[in-house]
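**Q** Sequence first, then the predicted structure, then my questions.
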Amino acid sequence: MMENTIETLKLLGIIRRKEVEEAIKKIPREEFLPEEFKRYAYVDTPIPVGYGQTTSAIHMVAMLCENTELKKGDNVLEIGAGSGYMASVYQYITKSEVITIEVIKDLAKFAKKNLRKLNLDYFIHVINADATHSLPFRKKFDVIIVTACSKEIPSEYINYLENGGRLIIPVGLYEFGQELILVRKKDEKIYSNKICDCAFVPLKGTGKVYEND
């Protein structure tokens with residue numbers, strides 16, 4: 001049961017805030033998984049969602065929310081929509097619009113379908129686009145969450161942070177030594193620190209793939 005997983009993560013200090021606990025408890029992870037994997041929804045592990053992609057383990061979802069200090073009113077951009085599950089958790093916490101980008105067209109369709117089932121498509125907007133080169137926005141964001149690893153932190157992402165904004169991104173080579181990095185932008189100064197070691201699928205784009213090449 002998800003309650004058991006949540007209690008374990010609280011004991012480990014991974015879930016620290018009530019709003020993160022509630023979001024993970026209330027968003028039904030099984031609704032964002034292919035039929036053959038639904039029975040694993042409450043297991044704290046990455047789960048395949050098709051097209052060579054996974055949805056992150058429950059503890060990682062909590063870490064992304066806790067370390068970015070995600071809160072009500074935050075304007076969030078996610079890069080790597082996957083099945084739409086993680087964006088749903090962010091939206092539950094922020095109660096605001098969430099924009100999520102997915103480069104794989106069929107996976108973006110899957111995410112939209114899942115969000116529609118739960119009537120979340122009005123609040124969470126899935127864009128099928130390549131986010132490795134540039135971002136198709138005029139506005140900036142309080143929080144940018146990247147759910148695939150990059151060889152480096154794209155300066156483009158930092159440019160889209162509001163003053164006081166937070167960016168969290170796995171950095172490193174696919175299958176080799178990735179680190180989850182938190183970046184803060186304050187008064188045009190950039191501060192970054194390592195959160196932990198991690199393992200994510202590579203950030204993909206139509207003309208560029210961040211892999212060990």
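**A** Cool, the structure landed. Numbering: from 1, shown residues only.
**Q** Tell me where the model's unsure across the protein.
**A** 133-134, 136, 174-176, 205-213 (pLDDT under 70).
**Q** what about the strands in it?
**A** Ranges of strands in the chain, per DSSP state E, are 47-50, 53-55, 76-79, 98-102, 124-128, 141-146, 161-173, 176-186, 189-198.
**Q** Turn those strands into TSV, columns for mean neighbour count.
**A** Yep, even glycine has a C-beta here, placed from its N, CA and C like the rest. Converted to TSV, the strands of the chain look like this (neighbours: other C-beta atoms under 10 Å):
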stretch	mean neighbour count
strand 47-50	18
strand 53-55	21
strand 76-79	25
strand 98-102	25
strand 124-128	19
strand 141-146	24
strand 161-173	19
strand 176-186	16
strand 189-198	12
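**Q** would you turn the ones you listed into JSON lines with distance to residue 65?
**A** Converted to JSON lines, the strands of the chain look like this (distance: least, C-beta to C-beta, whole Å):
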{"stretch": "strand 47-50", "distance to residue 65": "18"}
{"stretch": "strand 53-55", "distance to residue 65": "14"}
{"stretch": "strand 76-79", "distance to residue 65": "10"}
{"stretch": "strand 98-102", "distance to residue 65": "12"}
{"stretch": "strand 124-128", "distance to residue 65": "15"}
{"stretch": "strand 141-146", "distance to residue 65": "9"}
{"stretch": "strand 161-173", "distance to residue 65": "10"}
{"stretch": "strand 176-186", "distance to residue 65": "12"}
{"stretch": "strand 189-198", "distance to residue 65": "12"}
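**Q** closest one to residue 69 among those strands?
**A** strand 161-173 (6.8 Å; C-beta to C-beta).
**Q** now residue 108: how far from residue 101?
**A** Residue 108 is 8 Å from residue 101, where distance means C-beta to C-beta, to the nearest Å.
**Q** Find residues that contact each of those two.
**A** Common neighbours of residue 108 and residue 101, counting by C-beta atoms under 8 Å, 6 or more residues apart in numbering, are 81, 126-128.
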